[in-house]
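In: Give me a model of this one.
(one chain, ligands or ions: 2)
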Amino acid sequence: MSTLSYRTAGESHGKALLTLVEGLPAGVPLDSAFIDNELRRRQGGYGRGGRQKIETDRAEFLTGVRLGKSIGAPIMMLIPNKDSRLDDLKATPPLHRPRPGHADLAGSIKWLTTDCRETLERASARETAARVAAGGLARCFLRAFGIEVFGFVRTVGEATAKVDVTEDNWRDLVAKRDASEVYCPDPEADAAMREFINQQKMAKDTAGGVVETHVFGCPVGIGSCMTWDGRLDGRIAAAVMGIQAFKGVEIGLGFETARRPGSQVHDEIFYDKTKRDTPGLGFARGSNNAGGLEGGMTNGMPVVVRGAMKPISTLGKPLRSIDLNTREPSEAGWERSDISAISAASCVMENVIAFEIARAMLEKFGGDSLAETKQNYDMFLRAARELPVSRDA
Ligand SMILES: Cc1cc2nc3c(=O)[nH]c(=O)nc-3n(C[C@H](O)[C@H](O)[C@H](O)COP(=O)(O)O)c2cc1C
Ligand SMILES: C=C(O[C@@H]1CC(C(=O)O)=C[C@@H](OP(=O)(O)O)[C@H]1O)C(=O)O
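Out: Ligands and ions are numbered 1, 2, ... in the order given. Presented below is the predicted three-dimensional model:
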């Protein structure tokens, strides 16, 4: 048995993107329509460039699936690129003038070339389509445990969504988010965000923002404090920081915890017998400043994560750079580009976090088939409910 993992391959203008997922148990019903809808959402959002009008992303399952369910074998998914032109030098000419903020300069030097194209093709966030496919697959697995993920855009420019996301209201917020072009469930903030992105477009500038993800329904105790790399908070942070253009990550109250005294940070513990049968086992908290994670383990509260995306680095009014061939000052190169990809980024963040949650679930509960994983999960919850007697029984 292997732990759940994934790899992606593919260049932005190559033939296709590929995602190889290993370690998914047999018997997971694969909801292709759901995965394709996530891919569609990733393509959307306000301020995106011309590429999204060309592509219609869909994941084709090449391996590991029979009659709509996983069979425990490696799963390969393929997302074709319509705008495939990597070997056409006219359509994708060399780029010698690195864009500040993109991978161009560091990558060209690293791979000993003055053509930034080879780096940018793989650095490009086109690759996030392959990650969303992996996350979508993970969510098909998580569904069997009632675990659901919700993400949205919290901040763009000075505009911040004024919404409190709770276990009770998040489904209503999905509808509001999906009705908004920026993927922000607060209509007033949404309008201000669009205005900010428009202003950047007019100024030939770009925008970033803050995105937020909530995970509902995690049982207490996935992740671990026993090893540094078993900590789920660290893994989530790595997954979020691994998204192109992300420069910061916060869990729960995040950086604000550092400013407050302990009494205003730590979430007091209560017990609600009526919730004994939920994955949180009835341990209610007065607040959720920990963002659902204590000791690198889920504590039964929703997992809450925020990510900071920097502005897109390809500017219509290019910044100063150096021509790598001549070493003379020059304007940075320009490529077709998004002005803002914050909405897409919120969808990507949801899905990379979902994958980490699924991985932690499988580490705790194991199982070669979904039925076995479920049995282990149910047994654990039963034992946890019966504490303090069950462990030594
Ligand atoms: C969904 C998404 C879309 C992006 N679109 C663009 C784009 O159109 N143009 C651009 O210059 N950067 C874009 N980026 C950011 C670059 O991919 C990223 O800045 C680059 O790979 C360098 O990596 P780094 O910013 O993590 O250092 C996008 C990022 C994401 C997440
Ligand atoms: C292709 C996607 O995003 C791309 C990410 C990207 C970058 O530099 O990261 C640059 C642009 O590439 P292109 O020149 O092909 O338009 C974006 O469109 C996508 O998200 O599907």
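
In: Pull up the residues of the stretch 101-250 of the chain that are close to ligand 2.
Out: 124-126, 129, 244 (CB under 6 Å from any ligand atom). Where C-beta positions appear, they are placed from N, C-alpha and C, glycine not excepted.

In: For ligand 1, what's the nearest residue on the stretch 1-150 of the chain?
Out: residue 125 (3.2 Å; CB to the nearest ligand atom).

In: Return the residues in contact with the residue nearest to that residue when sequence neighbours are not counted.
Out: Excluding the flanking residues, the one nearest residue 125 by CB to CB, 6 or more residues apart in numbering is residue 244, at 4.1 Å. By CB atoms under 8 Å, 6 or more residues apart in numbering, the contact set of residue 244 is 123-125, 127-128.

In: run the last query once more with 7 Å
Out: Listed by CB atoms under 7 Å, 6 or more residues apart in numbering, the contact set of residue 244 reads 123, 125, 128.

In: can I get those residues in a markdown table with pLDDT, neighbour count and secondary structure?
Out: A markdown table is the format used below for the contacts of residue 244 (pLDDT from 0 to 100; neighbours: other CB atoms under 10 Å; DSSP: H, G, I helix; E, B strand; the rest coil):
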| residue | pLDDT | neighbour count | secondary structure |
| --- | --- | --- | --- |
| 123 | 98 | 18 | helix |
| 125 | 98 | 18 | helix |
| 128 | 98 | 23 | helix |
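
In: Confirm the residue nearest to residue 125 sits in a helix?
Out: No - in this structure, residue 244 is coil, not part of a helix, as judged by DSSP: H, G, I helix; E, B strand; the rest coil.

In: Give me the distance between it and residue 340.
Out: 14 Å (CB to CB, to the nearest Å).

In: now do residue 153
Out: Relative to residue 340, residue 153 is positioned 9 Å away (CB to CB).

In: who in the stretch 51-200 of the chain is up against ligand 1?
Out: So the stretch 51-200 of the chain meets ligand 1 at 101-103, 123-125, 128 (CB under 6 Å from any ligand atom).

In: for the residues you listed, which one is nearest residue 62?
Out: residue 128 (19.9 Å; CB to CB).

In: Contacts only, for that closest one.
Out: 42, 243-244, 348.

In: re earlier: what's the most distant pair in the residues of the stretch 101-250 of the chain next to ligand 2?
Out: Checking those with CB to CB, the most distant pair is 129 and 244, at 11.9 Å.

In: show me what contacts residue 152?
Out: With CB under 7 Å, 6+ apart, residue 152 has these contacts: 161, 173, 177, 183-185, 212, 346.

In: go on, residue 150?
Out: 165, 170, 173-174, 214.

In: The same query, at a cut-off of 8 Å, please.
Out: Residue 150 neighbours (CB under 8 Å, 6+ apart): 165, 170, 173-174, 213-214, 216, 350.

In: Let's see which of these end up in helices.
Out: Under the assignment DSSP state H, those contribute 170, 173-174, 350 to helices.

In: Among those, find me the one that's closest to ligand 1.
Out: Closest to ligand 1, out of all of these and judged by CB to the nearest ligand atom, is residue 350, at 12.4 Å.

In: and the closest one, how many neighbours?
Out: Residue 350: 26 surrounding residues under other CB atoms under 10 Å.

In: thinking again about what came up before, out of the ones in helices among the contacts of residue 150, which are buried?
Out: Using 16 or more other CB atoms under 10 Å as the burial test, the ones in helices among the contacts of residue 150 include 170, 173, 350 as buried.

In: Identify, from those residues, the entry nearest to ligand 2.
Out: For these, the nearest to ligand 2 is residue 350 (15.2 Å; CB to the nearest ligand atom).

In: so who does the closest one touch?
Out: Taking CB under 8 Å, 6+ apart, one finds 135, 149-151, 213 in contact with residue 350.

In: So for it, what's the pLDDT?
Out: Looking at residue 350, its pLDDT reads 98.

In: Test of understanding: give the bridge partners of the residue nearest to it when sequence neighbours are not counted.
Out: In space, and not counting its chain neighbours, residue 350 is closest to residue 151: 3.6 Å by CB to CB, 6+ apart. Beta bridges link residue 151 to residue 213 when assigned by DSSP bridges.
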